[in-house]
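Enquirer: I'd like to go over a predicted model; first the sequence, then the structure.
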Amino acid sequence: MIILAVDYGDARTGLAVCDKHEMLASPVEVVHQYNKDKVIARIAEVAAEYRAERIVVGNPINMNGTQGPRSELCTEFAKNLEQTVGIPVVLWDERSTTVSAHNYLNVTDTRGKKRKNVVDAVAATIILENYLQYRKNNKEE
């Protein structure tokens, strides 16, 4: 199944996609947009282009497991996205993915403006990799 992952942000939203065998997650792009409806429209275009069958939206749950304001915003975003694209959208716990993305970029010595432009796509890739690992370990889904 081809799955598209979304790391939703106020100004930048990272996108990543996997192959149909769910083996490899790859960054696609970063959508530089403040308007939520335009972000959703771009995600719908990318989902159609890649023939995604599911979308995974990162859910920034608090470290204590509660849902804060940002998580509530992402939950509402995911609902709107699902209504627009017409394919299943699931929320996935994304705690610490941005920190991990920054750590990966440290290893590759990616700095400055280039780092700012790719960190969200890297975070989306990490979200997708975690989701794919879950699916691999939980075949009943």
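Expert: Cool, got the structure.
Enquirer: residues touching Leu81, list them.
Expert: Neighbour list for Leu81: Val6, Ile40, Ile43, Ala44, Ile55, Val57, Val89 [criterion: Cβ atoms under 8 Å, 6 or more residues apart in numbering]. Heads up, the C-betas are built off the backbone N, CA and C, glycines and all.
Enquirer: from Glu22, how far off is it?
Expert: As judged by Cβ to Cβ, to the nearest Å, Leu81 and Glu22 stand 21 Å apart.
Enquirer: how about Asn59?
Expert: Distance from Asn59 to Glu22, by Cβ to Cβ: 20 Å.
Enquirer: comparing the two, which shows the higher neighbour count?
Expert: Using other Cβ atoms under 10 Å as the criterion, Asn59 and Glu22 rank with Asn59 on top: 22 against 16.
Enquirer: the contacts of Leu81 in strands, which ones?
Expert: Val6, Ile55, Val57, Val89 (DSSP state E).
Enquirer: what's the burial count for Glu29?
Expert: 17.
Enquirer: buried residues, the host helix or strand of it. List them.
Expert: Element membership of Glu29 [criterion: DSSP states H and E] is strand 25-32. Within strand 25-32, the residues that count as buried by 16 or more other Cβ atoms under 10 Å are Ala25, Pro27, Val28, Glu29, Val30, Val31.
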